[in-house]
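Undergrad: using only what follows, build the 3D model:
(one chain, ligands or ions: 3)
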Amino acid sequence: MSLVHRVEHPLIEHHLCAIRDKTTRPGEFRSAVQRLSMILGVYATQDLPTKPRLVATPICDATGKEISVHVGIVPILRAGLGMVDPILELLPEAAVWHLGLYRNEETAEPVGYYDKLPLENAPNVALVVDPMLATGGSIDLVIRRLQQWGVNEIRVMSLIASQPGIDRVERDFPDVKVYVAAIDPELNDQSYIVPGLGDAGDRIFDTPQHG
Ligand SMILES: O=P(O)(O)OC[C@H]1O[C@H](OP(=O)(O)OP(=O)(O)O)[C@H](O)[C@@H]1O
Ligand SMILES: O=c1cc[nH]c(=O)[nH]1
Ligand SMILES: [Mg+2]
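TA: Residues are numbered from 1 along each chain as shown. Ligands and ions are numbered 1, 2, ... in the order given. You can find the predicted model right below:
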């Protein structure tokens with residue numbers, strides 16, 4: 001059974017149009033990324049384990065449920081930063097562990113430049129956030145790093161994935177859950193997603209062709 005979930009919802013289709021549109025200005029682009037991330041985040045957390053919790057209301061005691069695992073949000077710098085705040089809105093007690101990667105422009109291979117993960121304290125569940133999953137090279141590196149760290153369960157959230165990138169993650173990490181808003185058919189010869197949205201990091205941070 002596939003663990004890849006393409007989340008279908010009219011709000012997702014609506015806000016996807018905004019991030020795909022090349023005339024969308026950075027402020028509105030960031031807002032749409034946040035809205036999409038929050039919707040996806042609800043789905044990506046829907047089966048997190050819970051434990052009972054007794055709370056005293058002003059009227060009497062009540063038994064509720066609270067999340068029983070330690071969740072870490074793992075944004076892949078830079079573009080993943082745009083998805084952190086909405087997930088923290090949903091999970092204010094989550095830790096945020098940053099990993100910095102960029103793609104080499106000639107080879108499209110990921111190059112690591114920031115990793116301060118400690119030796120211990122791996123979260124039970126890591127929610128990896130990056131708006132784009134193109135060749136799958138960056139997510140491959142991050143999943144391997146989190147497995148090496150000792151994370152029990154890794155979930156990936158991306159706004160737009162390519163079909164080849166999804167096929168790669170499914171093949172190499174069949175136990176990793178992936179939540180996406182869209183799966184586009186292909187990559188161009190610079191390994192950009194087609195139709196995609198261009199460079200997510202540059203559009204979030206308004207740094208066209210920053211190099
Ligand atoms: O699946 P892949 O082929 O590895 O491509 C996806 C990666 O490329 C983009 O990052 P980029 O290298 O543009 O860095 P940035 O976030 O700093 O812009 C994107 O945000 C992913 O991290
Ligand atoms: O289409 C793509 C591929 C990689 N990174 C992006 O930001 N966009
Ligand atoms: Mg980029």
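
Undergrad: relative to Leu36, how far out is the residue in the chain that ligand 1 sits nearest to?
TA: Residue nearest to ligand 1 within the chain: Gly201 (2.3 Å; C-beta to the nearest ligand atom). Placement of C-beta: from N, CA and C, glycine included. According to C-beta to C-beta, to the nearest Å, Gly201 and Leu36 sit 16 Å apart.

Undergrad: who has more neighbours out of the two?
TA: Applying other C-beta atoms under 10 Å to Gly201 and Leu36 shows that Leu36 carries more neighbours, namely 28 against 20.

Undergrad: which SS state does the more buried one fall under?
TA: helix (DSSP: H, G, I helix; E, B strand; the rest coil).

Undergrad: please apply the same query to Ala182.
TA: Per three-state DSSP, Ala182 ends up strand.

Undergrad: ok, it - contacts?
TA: Contacts for Ala182 (C-beta atoms under 8 Å, 6 or more residues apart in numbering) come out as Arg6, Ile12, Leu16, Leu159, Ile160, Ala161.

Undergrad: for the residue nearest to the spatial centre of the chain, give me the backbone phi and psi.
TA: Closest to where the C-alpha atoms of the chain average out (C-alpha atoms, centre = their mean) is Val129, at 2.1 Å. Per-residue torsions, Val129: phi -120, psi 130 (degrees, to the nearest 10).

Undergrad: how about Glu8?
TA: Torsion angles, degrees, to the nearest 10, at Glu8: phi -110, psi 130.

Undergrad: any idea how many residues pack against it?
TA: Counted with other C-beta under 10 Å, Glu8 comes out at 10.

Undergrad: what's the pLDDT at it?
TA: Listed pLDDT for Glu8 reads 97.

Undergrad: quick one: contacts for it?
TA: Neighbours of Glu8 in contact, by C-beta under 8 Å, 6+ apart: none.

Undergrad: do you know how far it is from Arg203?
TA: Applying C-beta to C-beta to Glu8 and Arg203 gives a distance of 24 Å.

Undergrad: name the helices or strands packed onto the strand ranked longest in the chain?
TA: For the chain, the strand with the greatest residue count under DSSP state E is strand 153-162. If you count contacts as 3 or more C-beta pairs under 8 Å, 6 or more residues apart in numbering; DSSP states H and E, strand 153-162 packs onto helix 10-20, helix 26-44, strand 125-129, strand 132-133, helix 137-149, strand 177-184, strand 193-194.

Undergrad: now the helix or strand just after that strand: buried residues?
TA: The helix or strand immediately downstream of strand 153-162 is helix 163-172, counting by DSSP states H and E. By neighbour count, with 16 or more other C-beta atoms under 10 Å as the criterion, the buried positions of helix 163-172 are Pro164, Gly165, Ile166, Arg168, Val169.

Undergrad: what parts of the chain come near ligand 2?
TA: Contacts of the chain with ligand 2, taken as C-beta under 6 Å from any ligand atom, map to Ala79, Met132, Ala134, Tyr192, Ile193, Gly196, Asp199, Ala200, Gly201.

Undergrad: circling back to that earlier point, let's have the helices and strands packed on strand 153-162 in CSV, adding distance to Lys51.
TA: Below are the helices and strands packed on strand 153-162 laid out as CSV (distance: least, C-beta to C-beta, whole Å):
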stretch, distance to Lys51
helix 10-20, 31
helix 26-44, 20
strand 125-129, 14
strand 132-133, 32
helix 137-149, 24
strand 177-184, 21
strand 193-194, 40
